Structure formats: C-alpha cells, structure tokens
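[1] Kindly return the folded structure for what I paste below:
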Amino acid sequence: MTEAAAALTAPYQGVLLALALGLLVGVERGWSRRNDPDGSRVAGIRTFGLLGLAGGIAGDLLQANAALAVLLLSAGAIIVILGYVRSSASGQDLSATAAIVGILTLAIGLAAGMGQGVLAGILAALTTLVLASRRRLHAWLTTLAETEVQAVARFALISLAILPLLPDEAMGPFLAWNPHHIWLVVVFVCGISFAGYIAARRLGAAKGIVASAATGALVSSTAVTAAMAGRLRRQEAPPGVLGAAIAAASAVMFVRVLVLTAVLVPGVFPWLAGLIAPPAVVAVIWCLWLLWRSGGAERASAAPQGMRNPFDLGPALVLAALVAVFSLVARWVQQDFGQAGTGAVLAVSGLVDVDSAIVTMSGLPRGALDAHAAGLILSVPVILNTGVKAAVTVGVAGWTAGRRAALPLVFCILVYLVVLAGAWIVRWL
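    Residues are numbered from 1 along each chain as shown. Below is the predicted model of the structure:
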C-alpha cells in the first residue's frame with residue numbers, strides 16, 4: 001500500500017513539497033503576527049501555503065506551458081504587492097517583510113516544482129530562521145559600534161567584491177603567483193582579526209584575562225604575550241592568571257597553525273600534528289593547572305586588552321606581499337636546487353611568519369616537498385616563535401616574575417625536542 005501511494009504521488013512530489021514549504025514559512029509568519037487584530041494581516045499560514053503551492057504548480061508547468069507558468073507567477077507576485085500597498089496606505093504595516101517573504105515563497109515553490117527540492121528546502125529553512133530571529137537580530141544591531149559596522153562593510157568588500165574578481169590561475173615569473181590565492185591570505189587574516197576583535201569586545205574583563213588572551217592570540221600570540229608580561233611586571237593581576245594567559249595564547253597559536261595546515265596543505269598535517277600537538281597539549285594542561293592554583297581567572301579584575309582596528313589592512317597586505325615574494329623565491333630555488341633548497345626557503349619564511357610559510361607551501365607543485373620533511377620544516381619556526389615569546393616574557397616582566405610565566409613555553413620546547421628525537425630515532429631504525 002505504501003509503495004502504491006508513493007507511485008501515485010511521485011509525479012506531484014515537487015508540488016506537494018512546495019505546499020509544505022509554503023506552510024512552513026506561513027507558520028512563522030502566522031505565529032509572529034498572532035496578536036494582530038482580525039483583518040489587519042495581509043497574509044498568514046494559509047496564504048503563504050497557497051503561494052508556495054502556486055509556485056510549485058508554475059514550476060511543474062514550466063516546460064509544458066511556459067506562458068501559463070509565467071502568468072501564474074506574475075499573478076501571485078501582483079497579489080502580494082497589492083496587499084503590501086493596501087496595508088501601507090491604511091497605515092497598518094509599514095514593513096516590506098511580508099511582501100518580500102511572499103515573493104520569496106513563490107520562488108521557493110517554483111524551485112520545488114522544477115525538481116530542485118534540496119535547494120527549495122534549504123531556502124525555506126533559511127527564510128524561516130531569519131524571520132524567527134527578528135528580535136535577536138534587532139537586539140544585536142543595537143549593540144554594534146560604528147567601528148564594527150565599518151569592519152563588516154570592509155570585510156564584505158575584500159571578500160565578496162574583490163576576491164571573486166581576481167583570476168584563480170598561476171601567473172608571473174615561474175608561474176609563482178596566484179592572485180586569488182594571495183588575496184585569500186588578506187581575507188583570512190582580516191577574518192581572524194575581526195573574529196578576535198568581536199569576541200574580545202563581547203567577553204570583556206568579567207570573563208577573565210585568559211579568555212581575552214586566547215581571543216587575542218587569534219591575531220598575534222606574540223603581541224598578547226608581550227601585553228601580559230607588561231601587566232605581570234606592573235602586578236595588575238595575579239601572576240598565576242597572567243601565566244595561564246601566556247600559556248593559553250601559545251596553545252591557541254599551536255592550534256591555529258594546525259587548522260591552517262589542515263585546510264591548505266592537508267597532506268602535511270599528520271606529520272606536523274605529530275610534532276607540535278604534544279607541546280600544544282602541554283600548554284593547555286599548564287594553563288588549566290595555573291588557573292586552578294590561582295583560584296580561577298574570574299578573580300582577576302583588569303580591563304580587557306585593547307586590540308587594534310580589526311581591519312587595519314597593513315599587516316594583512318604585508319603578509320600577502322611576503323607570501324608573494326617567498327612563493328617566487330621558493331619556485332626559483334625549487335627549480336634550481338630541488339627539495340633541499342625549497343625547504344630552506346620555507347623555513348626562513350616561517351621565521352618571518354608561520355602562516356606565510358604554510359600558505360607558501362600550499363602554492364608549491366604537488367610532490368615538491370616530501371610530507372615528512374614539510375612537517376619538520378613548518379614545525380621549526382613554530383617552536384622558534386615559542387622561544388621568542390619566552391624571551392619576551394622574561395625581558396618585559398623581569399627575571400623574577402618572568403621566568404615562572406615563561407616556564408610553560410620552555411617546557412613546550414623541551415617536549416618538542418623529545419618528540420623530534422623520538423621521531424628521528426623511529427625513522428632511522
């Protein structure tokens with residue numbers, strides 16, 4: 001019986017889906033306007049269900065009778081627009097949401113009727129979600145600062161306007177430059193900076209110094225370490241909490257490197273993870289231990305660390321320029337000196353910025369570097385950067401206070417060396 005019913009309804013599944021999706025949108029619309037006086041609603045659950053059905057019928061008829069399908073869609077759109085004009089003229093509803101949703105429901109039904117059921121379902125779900133989030137979205141808008149609005153606009157410009165226009169192909173000397181790939185570095189850096197800025201602004205000091213340090217490390221773990229060491233020298237918070245913040249910033253740096261490697265050079269990820277995941281675990285454990293000893297970050301009362309403008313394009317453009325330069329040098333060295341020369345160039349570029357070394361490596365031809373060698377090359381600047389942060393901590397905070405805060409970083413380096421020695425022994429046995 002079930003198979004017979006399925007066979008009977010198979011030709012009309014698109015139309016039935018259109019009706020169901022229209023009703024889904026109508027449920028939200030009817031619920032959100034449930035308290036309106038009778039006669040003041042232009043459209044409710046039945047109207048949106050019928051709009052979806054009309055779109056589904058038009059989609060089903062499109063190939064057999066395109067003129068009739070267009071007429072049906074046009075009639076539905078005209079009715080929706082006339083309803084909006086009538087409600088606006090009477091002062092009942094000055095929002096265009098109902099009219100826009102009505103037309104969108106027609107389009108969703110059309111997609112379902114044309115056999116694009118998955119697309120129609122996704123659009124209906126997203127539409128319902130946006131409509132149901134009205135209060136939350138309005139409340140969120142009231143908390144936005146002008147800097148954040150400008151940041152959103154600038155990020156949209158660099159990611160949605162500029163990035164798609166850049167050619168995604170190798171060009172230039174040695175075919176070393178991919179404009180789309182290089183600009184993607186700018187988008188990536190700005191995106192991380194913006195996420196860190198928003199998170200730090202929302203969390204604030206009440207959530208603890210460690211949360212602010214971990215968020216700031218998305219932009220620069222070295223900068224966060226220097227800031228925390230300065231506060232340690234001035235005794236602005238418990239030493240254990242500031243030491244935990246320094247350890248947390250380093251742990252975030254390890255994780256950031258691993259995530260970027262997994263996305264851009266997944267073949268290298270297992271080898272790199274084997275070398276730097278243990279130090280990352282050590283940093284996390286040390287952070288938690290220091291927090292436990294100090295009684296928790298919530299005891300610390302200090303203002304959150306200020307962060308630079310999230311869309312200061314200068315650092316992102318400098319990084320993109322470094323990627324372009326080192327990509328060119330790496331291709332040249334790889335052509336003239338082979339794998340060993342390429343590894344040396346990537347190691348040097350990683351000393352400037354670990355992320356640039358990863359991005360540069362992702363632009364190399366497949367097989368240019370052995371995965372094991374590539375993992376080793378990328379791990380070296382990560383550990384050297386950890387050593388730099390330890391030196392910064394001691395240099396800024398002073399020997400007495402700084403050495404304790406730098407101890408987790410030193411221990412991370414020791415663990416890395418032990419893991420490296422073990423891997424070397426296993427490889428040559």
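[2] The stretch 201-350 of the chain: helices as residue ranges?
    In the stretch 201-350 of the chain, the segments counted as helices under DSSP state H, counting those that start in this stretch are 209-216, 221-234, 239-264, 269-294, 313-337, 339-352.
[3] Pick the most deeply packed of those.
    helix 209-216 (a mean of 26; mean count of other C-beta atoms under 10 Å). For every residue, glycine as well, the C-beta is placed using N, CA and C.
[4] mind listing what residue 115 touches?
    Residues near residue 115 by C-beta atoms under 8 Å, 6 or more residues apart in numbering: 14, 59.
[5] and it, what pLDDT?
    Listed pLDDT for residue 115 reads 87.
[6] same check, this time on residue 387
    84.
[7] Would you check that it makes contact with residue 406?
    No - using C-beta atoms under 8 Å, residue 387 makes no contact with residue 406, being 9.6 Å away.
[8] Those two: who's more crowded?
    More crowded of residue 387 and residue 406, by other C-beta atoms under 10 Å: residue 406, with 26 against 14.
[9] Residue 393 is in contact with that one, correct?
    Yes - using C-beta under 8 Å, residue 406 is in contact with residue 393, at 4.2 Å.
[10] Find residues that contact each of these two.
    residue 246.
[11] Give the intersection of the neighbour lists for residue 387 and residue 406.
    Contacts common to residue 387 and residue 406, judged by C-beta under 8 Å, 6+ apart, are absent.
[12] Excluding covalently adjacent residues, which one is nearest to residue 104?
    Nearest residue to residue 104, sequence neighbours excluded (C-beta to C-beta, 6 or more residues apart in numbering): residue 127, at 5.9 Å.
[13] what residues does the helix or strand containing that neighbour touch?
    Taking DSSP states H and E as the definition, residue 127 sits inside helix 117-132. Helix 117-132 has contacts (C-beta under 8 Å, 6+ apart) with 13-14, 17-18, 21, 24-25, 27-29, 32, 97, 101, 104-105, 107-109, 111-112, 137.
[14] again, only using 7 Å
    For helix 117-132, contacts defined as C-beta atoms under 7 Å, 6 or more residues apart in numbering pick out 14, 17, 21, 24-25, 28-29, 32, 101, 104, 108, 111-112.
[15] Could you list the low-pLDDT ranges of the stretch 51-200 of the chain?
    Flagging of the stretch 51-200 of the chain using pLDDT under 70 yields the residue ranges 84, 87-95, 138-141, 143-145, 147, 174, 185, 188-189, 192-200.
[16] try 50
    Applying pLDDT under 50 to the stretch 51-200 of the chain flags no residue at all.
[17] And the helices in it?
    66-89, 97-113, 117-132, 134-143, 146-156, 179-203.
[18] for the ones you listed, which one ends up most surrounded?
    Greatest burial across those, using mean count of other C-beta under 10 Å, falls to helix 97-113, with a mean of 24.
[19] so residue 60 makes contact with residue 112?
    No - assessed by C-beta atoms under 7 Å, residue 60 is found out of contact with residue 112, at 9.1 Å.
[20] Show me what the helix or strand hosting residue 387 is packed up against.
    If you go by DSSP H and E, residue 387 is part of helix 371-397. Counting contacts by 3 or more C-beta pairs under 7 Å, 6 or more residues apart in numbering; DSSP states H and E, helix 371-397 is packed against helix 221-234, helix 239-264, helix 269-294, helix 339-352, helix 354-362, helix 399-428.
[21] Which other helices and strands does the second one contact?
    Looking back up the chat, that one is helix 239-264. helix 209-216, helix 221-234, helix 269-294, helix 354-362, helix 371-397, helix 399-428.
[22] Confidence-wise, which of the ones you listed is weakest overall?
    helix 354-362 (a mean of 63).
[23] got a list of what residue 59 touches?
    14, 109-114.
[24] again, only using 6 Å
    110, 113-114 (C-beta atoms under 6 Å, 6 or more residues apart in numbering).
[25] buried stuff in stretch 401-421?
    401-402, 404-409, 411-413, 415-416, 419-420 (16 or more other C-beta atoms under 10 Å).
[26] no no, stretch 20-32
    For stretch 20-32, by 16+ other C-beta under 10 Å, it's 20-30.
[27] Take these and lay them out in CSV including pLDDT, secondary structure and distance to residue 382.
    Shown next, in CSV, are the buried residues of stretch 20-32 (pLDDT from 0 to 100; DSSP: H, G, I helix; E, B strand; the rest coil; distance: C-beta to C-beta, whole Å):
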residue, pLDDT, secondary structure, distance to residue 382
20, 89, helix, 52
21, 89, helix, 49
22, 87, helix, 54
23, 88, helix, 54
24, 89, helix, 49
25, 87, helix, 50
26, 84, helix, 54
27, 85, helix, 52
28, 81, helix, 48
29, 76, helix, 53
30, 75, helix, 56
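[28] Dump those residues to JSON lines, plus distance to residue 381.
    Compiled in JSON lines, these are given as follows (distance: C-beta to C-beta, whole Å):
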{"residue": "20", "distance to residue 381": "55"}
{"residue": "21", "distance to residue 381": "52"}
{"residue": "22", "distance to residue 381": "56"}
{"residue": "23", "distance to residue 381": "57"}
{"residue": "24", "distance to residue 381": "52"}
{"residue": "25", "distance to residue 381": "52"}
{"residue": "26", "distance to residue 381": "57"}
{"residue": "27", "distance to residue 381": "55"}
{"residue": "28", "distance to residue 381": "51"}
{"residue": "29", "distance to residue 381": "55"}
{"residue": "30", "distance to residue 381": "59"}
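[29] just curious, which of those residues is nearest to residue 168?
    residue 21 (35.0 Å; C-beta to C-beta).
[30] What sits closest to that closest one if chain neighbours are left out?
    residue 124 (4.0 Å).
[31] Could you do residue 171 as well?
    With C-beta to C-beta, 6+ apart, the residue lying closest to residue 171 is residue 177, at 5.7 Å.
[32] now the helices and strands packed on helix 371-397 in TSV, with distance to residue 119?
    Formatted as TSV, these follow (distance: least, C-beta to C-beta, whole Å):
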stretch	distance to residue 119
helix 221-234	42
helix 239-264	27
helix 269-294	33
helix 339-352	42
helix 354-362	32
helix 399-428	48
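[33] Quick one: closest of these to residue 171.
    Per C-beta to C-beta, nearest to residue 171 of the helices and strands packed on helix 371-397: helix 354-362, 16.3 Å.
[34] Since that was my last question, I'll sign off now.
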